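1. pasting a predicted model and its sequence here:
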Amino acid sequence: MLDTWPEFMLHDPVGWANVGRIMADLPEYVLVATDPEGRVVARGFSVPFRMAAEGRGVLPERGWDQVLLWAFSDLRHGREPDTVSAIEITVARDRLGQGISGRMLAAMRENVRRLGFGELLAPVRPSAKSLEPEALIEEYAHRAREADGLPHDPWLRVRIRAGGTVEAVAPASMTVTGGCVLCGRCAEDTSPERHLARSAVRTPRHSRTRRRLRT
């Protein structure tokens, strides 16, 4: 299945160095969805890490990048994980808008539970943020619809409906730098996302509560 991420996000050095390792080193945290013909229509990656390790204990400002680094550092040093973070849920372009992302999130939560963890963290890139390039992510992440109180952003709504809560903004998550050539090639993608951050969403085991659950 082809990547559907914006071009600029494919140049994140932490992602390039580590995401490809998940299938090889942490296969039990990889999920794949197929259609009746066997075609892959979605994939989901997550990683375990030790939040209680020295110097941690709080959600990192570097968000997505930091949990990846923690996960593979812990794997190398043999630290026992106590938390799992979602890394990616990607749906094929021709299957968007069919509720597959929500089903993948539910499957990821169930997999985390099966592996013995009581909580799933999810660094989230709000999917409609690019439509409002001047909006501050701190305001956008907490913006709610008047009709039902759910988040304004559709991807955040998926997480909240699953029982998650927006805990914090990760202001230094997925920081991508590049020269004039890269910036020129990616300008169409990067310009709307210059306030990009990943909002950390804690997804409890039970969708009807927003409290943090521990095992």
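-> Great, that's in hand. Residues are numbered from 1 along each chain as shown.

2. okay, Pro123 and Glu88: tell me how far apart.
-> With the distance defined as C-beta to C-beta, to the nearest Å, Pro123 ends up 10 Å from Glu88. Using the backbone N, CA and C atoms, a C-beta is placed for each residue, glycine as well.

3. which other helices and strands contact the one helix or strand Val67 maps to?
-> Secondary structure assignment for Val67, by DSSP states H and E: helix 63-77. For helix 63-77, the packing partners by 3 or more C-beta pairs under 8 Å, 6 or more residues apart in numbering; DSSP states H and E come out as helix 13-25, strand 40-49, strand 83-91, strand 119-124, strand 198-204.

4. now with 6 Å, please.
-> Packed against helix 63-77, as judged by 3 or more C-beta pairs under 6 Å, 6 or more residues apart in numbering; DSSP states H and E, are the following elements: helix 13-25, strand 40-49.

5. most packed of the ones you listed?
-> Comparing those by mean neighbour count (mean count of other C-beta atoms under 10 Å), strand 40-49 ranks first with a mean of 21.

6. neighbouring strands for that one, and are they parallel or not?
-> Strand 40-49 has its sheet partners listed here by DSSP bridges as strand 30-34 (antiparallel), strand 83-91 (antiparallel).

7. quick check: which of the ones you listed is buried the most?
-> By mean count of other C-beta under 10 Å, those have strand 83-91 as the most buried, with a mean of 23.

8. contacts for it next, please.
-> 4, 42-49, 51, 67, 100-101, 104, 112, 117, 120-122 (C-beta atoms under 6 Å, 6 or more residues apart in numbering).

9. tell me the angle the helix or strand that that strand is followed by makes with strand 83-91.
-> Remark: after strand 83-91, the chain's next helix or strand is helix 100-114, criterion DSSP H and E. Orientation check (axes from the mean of the first three to the mean of the last three C-alpha atoms, to 10 degrees): helix 100-114 against strand 83-91 gives 150 degrees.

10. buried ones in helix 100-114?
-> Of the residues in helix 100-114, 100-101, 104-105, 107-109, 111-113 count as buried by neighbour count, 16 or more other C-beta atoms under 10 Å.

11. then stretch 153-167?
-> Neighbour-count burial for stretch 153-167 flags 153, 155-160, 162-164, 166 (criterion: 16+ other C-beta under 10 Å).

12. measure it end to end?
-> Taking C-alpha to C-alpha, to the nearest Å, stretch 153-167 runs 15 Å from one end to the other.

13. what's the closest of the helices and strands packed on helix 63-77 to Glu80?
-> strand 40-49 (9.1 Å; C-beta to C-beta).

14. contacts for that closest one?
-> Under C-beta under 6 Å, 6+ apart, the answer for strand 40-49 is 1, 22, 29-35, 67, 70-71, 74, 81, 83-92, 95, 100, 104, 108.

15. quick one: that strand to chain centroid distance?
-> Remark: strand 40-49 is offset 10 Å from the chain centroid, using C-alpha atoms, centre = their mean, to the nearest Å.
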